[in-house]
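Q: got a predicted structure here, sequence first:
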Amino acid sequence: MRWKGGEGKQHNHTWEIVCEIHTKGDHMIIFNDLEKAVTEILSQINGKFLNDLDYFKKINSSVENVTEYLFDQIGPELKKLEASLIRIEVGESPTRFYCITVDD
């Protein structure tokens with residue numbers, strides 16, 4: 001996290017991510033395709049110091065901003081698979097989760 005006077009100490013998180021996904025119409029979704037799409041997105045940030053990534057250079061890598069980032073990345077990929085990301089929950093610890101829910 002960045003503050004007016006500087007930046008917090010670099011530290012690790014084990015993120016937990018839960019996605020609620022709806023398919024469009026009667027379309028059957030293949031879980032391997034979903035997992036592949038989500039894994040590709042997560043691999044771009046996995047093991048990296050978030051403040052070094054372009055997206056987080058101007059905004060803090062708070063759980064809220066990480067959730068919005070993942071929602072914006074995962075949603076369009078799922079649309080290609082004829083699915084919609086309805087809800088995403090991202091947790092940085094057992095007591096800190098942030099959720100985004102959209103209408104189906």
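A: Perfect, thanks for sending it. Numbering: from 1, shown residues only.

Q: can we go C-alpha only for contacts and neighbour counts from here?
A: OK.

Q: sticking with the residue most central in space within the chain, tell me its helix or strand.
A: Computing the C-alpha centroid of the chain and ranking residues by Cα atoms, centre = their mean puts Leu70 first, at 2.5 Å. Assigned by DSSP states H and E, Leu70 belongs to helix 63-79.

Q: could you point out which element follows that helix?
A: Downstream of helix 63-79, the next assigned helix or strand under DSSP H and E is strand 83-93.

Q: I'd like the next helix or strand past that following strand.
A: Following strand 83-93 in sequence order, the next helix or strand is strand 96-101 (DSSP H and E).

Q: partner strands of that following strand, parallel or antiparallel?
A: As defined by DSSP bridges, the strand partners of strand 96-101 come to strand 83-93 (antiparallel).

Q: and the partner strand, how far out from the chain's middle?
A: In terms of Cα atoms, centre = their mean, to the nearest Å, the centre of strand 83-93 is set 7 Å apart from its chain centre.

Q: perfect, I'm done here.
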